[in-house]
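next one to model:
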Amino acid sequence: MNVKLVTFKTDRTIIGEVVNETSSTISIKRPVQVVTIPPRGPNDPGGIAFSPFLEFAEGFEKGIVFNLVDVLTKNTPVRELENQYNQIFGSGIQIASSFPKV
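Below you'll find the model as predicted:
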């Protein structure tokens, strides 16, 4: 699976499986918005959550096409975020995080 983190010029960030990319468009299957959850107290670090993004569109399962002129960045997500996405939308297989060398 080619899971990418895409941030648009509108400052909205989504994560999903890139199924096709041309010189002017990118098609993303099962995109969800990545939402930051602020800390609720002094000992709460906050976190992230996934919010539905066009899940009722016909292209949600096959790939929704976005214009690259609207994209600010496209990156590989950190392993933990990709694993959370794969638990919900992928095969469920998680990739082990790399451990620091001792």
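
how near is V18 to V35?
Distance of V18 to V35, given as C-beta to C-beta, to the nearest Å: 21 Å. (Each C-beta comes from the backbone N, C-alpha and C, glycine too.)

out of these two, which sits in the busier spot?
V18 (17 against 12; other C-beta atoms under 10 Å).

OK, contacts around the more buried one?
When the contact criterion is C-beta atoms under 8 Å, 6 or more residues apart in numbering, the partners of V18 are N2, V3, K4, I26, S27, I28, K29.

doesn't N67 make contact with the fifth one?
No: taking C-beta atoms under 8 Å as the contact criterion, S27 and N67 are not neighbours in contact, 11.0 Å apart.

so which of the two has more stuff around it?
Neighbours per residue, other C-beta under 10 Å: of S27 and N67, the larger number sits with S27, 18 against 10.

list the contacts of that one.
So S27 contacts V18, V19, N20, E21, G59, G63, I64, V65, F66 (C-beta under 8 Å, 6+ apart).

quick check: next helix or strand after the strand ranked longest in the chain?
The strand that spans the most residues within the chain, counting by DSSP state E, is strand 25-37. Later in the chain than strand 25-37, the nearest helix or strand by DSSP states H and E is strand 47-52.

and that following strand, how far out from the chain middle?
10 Å (C-alpha atoms, centre = their mean, to the nearest Å).

show me where this structure has helices.
Taking DSSP state H, the helices of the chain run over residues 79-89.

quick check, central residue of it?
By C-alpha atoms, centre = their mean, the mean C-alpha position of the chain lies nearest to I15, the distance being 1.2 Å.

what bridges to that one?
Following DSSP bridges, I15 is listed with bridge partners L5, V32.

just checking, A57 touches I64?
Yes: with contacts counted by C-beta under 8 Å, A57 reaches I64, the gap being 6.0 Å.

what about these two, which has more around it?
I64 (20 against 11).

so what pLDDT did the more buried one get?
If you check I64, the pLDDT there is 96.
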